[in-house]
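Asker: Sequence below, structure please.
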Amino acid sequence: MAGPHPNQTLFLLHLPTEILLQIIQELAPGHVMSIYNHPIMNFRQTCKECFDLCEPTFCSGFHTMTPLRSKEINLLLSARKNRHNYVKTLQIDADHCQDQEANFRTMMVCIADLPNLKDLSVWITKPWSAGSTSTGLTETTHFLKSTLVCQLESCVFAELQTCQIIYRDAAYEQNPFQLELLLKAPKLSSLTIRLTDLRGFRSVNPKKEGSSLRELILYDCQTDEQAIVTLLSWPSALRCMEFRAGFTDADTEFHVLQHLIRTLASYQPGLGTLKLKINWPALVESDRYRNAFDLRELTCLETLAFDVPVHTSGVYRAAYPTNVFDLLPTSIRTVSISSQRCISVDKLATALLGRAQPARSDPSLGPALHFWSDEPVENVKRPFRKHEQEEDDRRCLGIFLLMDCLRIPQVQYTIDCWPLRRTIRATTPARANDESETVSDSDGYRTEDTTVEWPYLEMKRVNR
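Answerer: Residues are numbered from 1 along each chain as shown. Below is the predicted model of the structure:
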């Protein structure tokens, strides 16, 4: 491409409009905490042409927490005719302010005037103030939830793609909003719901052709069998399901999880990712619940993730979730297990060997296994003391047992202890990268042990 003539003067505004709009979009984030701190504010004030060019990006997303900011946003959107059409992202956070009712009502009413809204997040927290009584708090929370229900029922979400309805630090909502109205949004692809009592949820007029929902996340929601069937039969092809149970006893959680898995197999056989957070350690360790995770009918499942508890009656201990591995589908490629404390890999390997599972003839076809845990800094920093070195040796022994006896082709153990992160990664020769900085042990496995410091710049590498 020929350069400019020596006497030619180039101006930014001489670029095509499409290029200018792309440059402006790169300057602004999706969410802004205050409209007056927007990064393109100075540029848009230089001239009328820049002002008009910045309008779509300047009004694309807002995050409100206080009544003052709600009034600012509404005044800004009302100042020019087409600004409501530019808003694509809106997060309403009724939190940490005394006058939550005015803030919430102002922004919820605004939703009906945003025809191109694509990303909606509503966060409701039990309000607090120095002189508040429990009765006043309950009345305010009830008002916020009633306003949410009223506005969702009056809106048509033609462009909505992502929606989060989050109740924080509050009791289960006993009168849930009309989920059916959100599920009917023609372009909705991701829905997150937290702390909502979904028991009794039924579809009055189900959509025969199925919705476009691809990701469903249920956090700490109370559910029953009919609600699970209604939710999972609605999407035409769900790809990711995340379920965090909120049950008070292991037997109830066991039966609900079994029903969830059977319903997924019946209505969503193409599910590719399943993430489960378990409340009770017995579900993943006790022989009584050995068939809790029979996933063999999910023939397209490739990624399976578990968040397992490590405490019983307030006593913390290492986790060894053996029941996770009993009934996996042949399609599985990655199994991730995370915990807030140490995961006992040696106990896990020993328990699995005691169950006499058949070894795979072709290790390259088996799943990769990832462990994630939050542990004390002593398990990350070196040199280790005697008992720390013994614990680390048991962890490495467990990794090799999993690979050698159960033919798991890749095992990775990650320890997070801010600001440090340590990763132990062992790989069979079939999956090892020849260019990686690893060494082979006597059995032919490639192992790598890396410790990095936030922001994860490499500190040291120790090869075994």
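
Asker: C-alpha from now on. contacts and neighbour counts both.
Answerer: Noted.

Asker: all strands of the stretch 101-250 of the chain, in order?
Answerer: With DSSP state E, counting those that start in this stretch, the ranges of strands along the stretch 101-250 of the chain come out as 119-125, 162-168, 190-194, 215-219, 240-244.

Asker: nearest to V411, of these?
Answerer: Closest to V411 of the strands of the stretch 101-250 of the chain is strand 240-244 (C-alpha to C-alpha; 23.1 Å).

Asker: What is the burial count for M107?
Answerer: The local packing of M107 (other C-alpha atoms under 10 Å) involves 22 other residues.

Asker: Correction: the previous question concerned F293.
Answerer: 20.

Asker: how far away is it from F254?
Answerer: 9 Å (C-alpha to C-alpha, to the nearest Å).

Asker: next one: E448
Answerer: Plainly put, E448 is 37 Å away from F254 if you go by C-alpha to C-alpha.

Asker: How about S286?
Answerer: Per C-alpha to C-alpha, S286 is found 12 Å from F254.

Asker: can you check I40 too?
Answerer: According to C-alpha to C-alpha, I40 and F254 sit 52 Å apart.

Asker: got it, and W234?
Answerer: From W234 across to F254, the span is 24 Å (C-alpha to C-alpha).

Asker: of S286 and F254, who's got more company?
Answerer: Neighbours per residue, other C-alpha under 10 Å: of S286 and F254, the larger number sits with F254, 20 against 12.

Asker: Just give the closest residue to that one, not the sequence neighbours.
Answerer: Spatial nearest neighbour of F254, chain neighbours left out: A292 (6.3 Å); criterion: C-alpha to C-alpha, 6 or more residues apart in numbering.

Asker: need the strands for the stretch 251-400 of the chain, in chain order.
Answerer: Assigned by DSSP E, counting those that start in this stretch, the strands in the stretch 251-400 of the chain fall at 273-277, 303-307, 311-312, 315-316, 334-339, 368-374.

Asker: In TSV: those strands, plus mean neighbour count, mean pLDDT and distance to L20.
Answerer: Converted to TSV, those look like this (neighbours: other C-alpha atoms under 10 Å; pLDDT from 0 to 100; distance: least, C-alpha to C-alpha, whole Å):
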stretch	mean neighbour count	mean pLDDT	distance to L20
strand 273-277	19	94	39
strand 303-307	20	92	41
strand 311-312	14	56	56
strand 315-316	10	50	56
strand 334-339	20	90	43
strand 368-374	20	85	44
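
Asker: Include distance to Y219 when you put the ones you listed into a markdown table, please.
Answerer: A markdown table is the format used below for the strands of the stretch 251-400 of the chain (distance: least, C-alpha to C-alpha, whole Å):
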| stretch | distance to Y219 |
| --- | --- |
| strand 273-277 | 9 |
| strand 303-307 | 13 |
| strand 311-312 | 20 |
| strand 315-316 | 23 |
| strand 334-339 | 17 |
| strand 368-374 | 20 |
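
Asker: coming back round to it: pretty sure the residue nearest to F254 contacts L260?
Answerer: No. Between A292 and L260 there is no contact under C-alpha atoms under 8 Å: 10.6 Å.

Asker: For these two, indicate the residue with more neighbours.
Answerer: A292 (22 against 18).

Asker: so who does P16 touch?
Answerer: By C-alpha atoms under 8 Å, 6 or more residues apart in numbering, the contact list for P16 is empty.

Asker: I'd like the distance between it and R44.
Answerer: Using C-alpha to C-alpha, which is the criterion applied here, P16 is 17 Å from R44.
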